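**Q** need coordinates for the following:
(chains A, B and C)
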Amino acid sequence: MTEILTVLGNVLIVAGALVFATAALGVARFRDAYMRVSAVGTAGGLGIVFVVTGALLLQPSVSNVVKVVLIITIHLITSAVGTMAIARAAYLTGTPLERYAFDELAADSPTSDRDKEPARKPAAE
Amino acid sequence: MIGVTVGIVILAVACLAAAFRILRGPTEADRAVAGDLLLFGFVGLIALFGVRVANEYTFDIVLVAALVGFLSALSLARALTRGKR
Amino acid sequence: MSWLTWPFRVLGFLVWYAGQIVSSSTAVLRDNLTPGQNSTPGVARVRTRCRSDLEVTLLAALITLTPGTLTLGMHDAPVAAQRRRDAEDIRTLYVHSLYSGDADSVRDEVRELEIRLLRAVRRSGGTS
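**A** Got it, this is the predicted structure:
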């Protein structure tokens, strides 16, 4: 029984680490800030859940189960909200969107805000 | 325990990628997002290291880190907009 | 009596959502691991049918958790308009998507997620 839990925990930990790896790849390779936020939002939410569940299976006890359920619930809610807050702040400060196929938010948003604070140029390398 | 070791290595590489993006930029939003990923990577690393050394307080620390991480993401967003909403 | 089936509806939704995550993360992975980028990013306006703040927050969080899509912002119709009109079309989400191609397919994807979510969370069932 313990062996099964150990193997399952290891598999979950590696799966969570792979989710993080996709996020790291996205952060390193995507073109603009919004695509990177998109990658991080997924990894932050799901990667932690996988890793912590895997860790729980390696150290199973009743009190740990309670803590992990709390961690997963809190984390799934807060990480998504935090990511959306950062994405919204990025848009409000005029971070440029690069090579977009369609952008209906620009058409809808009152132009005053973005005109007052024009997109900053990317810092010189 | 081989999975824990593999996970620690992959998470460390992910943290390095986030640190690279923080240094490189180019916009402030990129840096904020990479800081978010760095935090998530560290929470994962705490969990994995705690399991590896069989510490009984691992999940308490992760719970606190998850709560504080929410505040850090919100503060980063506020800092991006210069305190405006 | 539909509250009897409520836990099973939530469970069914979670299973469907897990499948969605697997399929869309393979799309992101394939694009990331192959050289070059073939993403077609864009931001689409999605009118939701959510009636309460809880429902629209859940929908936005689930969109953000899906690989490849991200909620950028949300717009409430003014209070006067909310009183005048029906519950629909009051809350608008702006969804950033990586691989959808055009705005209509983003709307279709979010609509499917929304219908399934509302069917699962509303105690009485039904989407309207």
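**Q** who's in contact with C:V28?
**A** A:22, A:26, A:39, A:42, C:67-68, C:98-99 (CB atoms under 8 Å, 6 or more residues apart in numbering or on different chains). (C-beta placed from N, C-alpha, C; glycine too.)
**Q** nope, B:A34 is what I was after
**A** Contacts of B:A34 (CB under 8 Å, 6+ apart): A:27, A:36, A:40, B:18-19, B:21-22.
**Q** buried subset of those, written for ChimeraX?
**A** Of these, the buried ones go into a single ChimeraX selection, burial set by 16 or more other CB atoms under 10 Å in any protein chain shown:
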select /A:27,36,40 /B:18,21,22
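**Q** possible to save the contacts of B:A34 as a markdown table with secondary structure, pLDDT and distance to chain C?
**A** Formatted as a markdown table, these follow (DSSP: H, G, I helix; E, B strand; the rest coil; pLDDT from 0 to 100; distance: CB to the nearest CB, whole Å):
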| residue | secondary structure | pLDDT | distance to chain C |
| --- | --- | --- | --- |
| A:V27 | helix | 84 | 11 |
| A:R36 | helix | 84 | 10 |
| A:V40 | helix | 85 | 9 |
| B:A18 | helix | 88 | 16 |
| B:A19 | helix | 90 | 19 |
| B:R21 | helix | 88 | 15 |
| B:I22 | helix | 89 | 20 |
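**Q** can you give me the helices in chain C?
**A** C:6-33, C:53-65, C:79-84, C:103-121 (DSSP state H).
**Q** over to chain A?
**A** Under DSSP H, chain A gives helices at A:2-29, A:33-42, A:48-58, A:62-92, A:104-108, A:111-116.
**Q** what of chain B?
**A** Applying DSSP H to chain B gives helices spanning B:2-24, B:28-52, B:58-80.
**Q** just those helices: most buried one?
**A** Burial of the helices of chain B is given as mean neighbour count (mean count of other CB atoms under 10 Å in any protein chain shown); helix B:28-52 ranks first at a mean of 24.
**Q** low-confidence ranges in the chain?
**A** Answering for chain A, as no chain was given. Counting by pLDDT under 70, chain A contains low-confidence residues at A:99, A:106-125.
**Q** my question was about chain B, not that one.
**A** Residues of chain B meeting the criterion pLDDT under 70: B:84-85.
**Q** check it and tell me which residue is nearest its centre.
**A** B:L39 (1.6 Å; CA atoms, centre = their mean).
**Q** right, and that residue touches B:G69 too?
**A** Yes - counting by CB atoms under 8 Å, B:L39 touches B:G69, with 5.1 Å between them.
**Q** which one of the contacts of C:V28 is nearest chain B?
**A** Comparing the contacts of C:V28 against chain B with CB to the nearest CB picks out A:A39 as the nearest, at 8.2 Å.
**Q** what separates the closest one from chain C, distance-wise?
**A** 7 Å (CB to the nearest CB, to the nearest Å).
**Q** repeat that for B:G50.
**A** Applying CB to the nearest CB, the value for B:G50 to chain C is 25 Å.
**Q** what's the closest non-adjacent residue to that residue?
**A** Nearest residue to B:G50 in three dimensions, chain neighbours excluded: B:T58, at 2.8 Å (CB to CB, 6 or more residues apart in numbering or on different chains).
**Q** output the lowest mean pLDDT helix or strand found in chain C.
**A** Across the helices and strands of chain C, mean pLDDT, DSSP states H and E gives its lowest value to helix C:79-84, namely a mean of 58.
**Q** quick one: contacts for whatever residue of chain B ends up closest to chain C?
**A** Here chain B gets closest to chain C at one residue, B:V33, 10.8 Å apart by CB to the nearest CB. By CB under 8 Å, 6+ apart, the contact set of B:V33 is A:27, A:33, A:36-37, A:40, A:86, A:90, B:21.
**Q** B:G44 is in contact with the residue nearest to B:G50, correct?
**A** No - assessed by CB under 8 Å, B:T58 is found out of contact with B:G44, at 11.7 Å.
**Q** find the centremost residue of chain A, please.
**A** Nearest to the mean C-alpha position of chain A, by CA atoms, centre = their mean, lies A:G41 at 1.9 Å.
**Q** which residue sits closest to that residue, ignoring its sequence neighbours?
**A** Spatial nearest neighbour of A:G41, excluding adjacent residues (CB to CB, 6+ apart): A:T83 at 3.8 Å.
**Q** any idea how far the one you found lies from C:P7?
**A** Between A:T83 and C:P7 the computed distance is 29 Å (CB to CB, to the nearest Å).
**Q** against the centre of chain C, work out the most remote residue.
**A** Distance from the C-alpha centroid of chain C, by CA atoms, centre = their mean, peaks at C:P35 (30.0 Å).
**Q** and the gap between it and chain A?
**A** From C:P35 over to chain A (counting by CB to the nearest CB), the distance is 10 Å.
**Q** quick check: that residue vs B:V64, distance?
**A** Applying CB to CB, the value for C:P35 to B:V64 is 42 Å.
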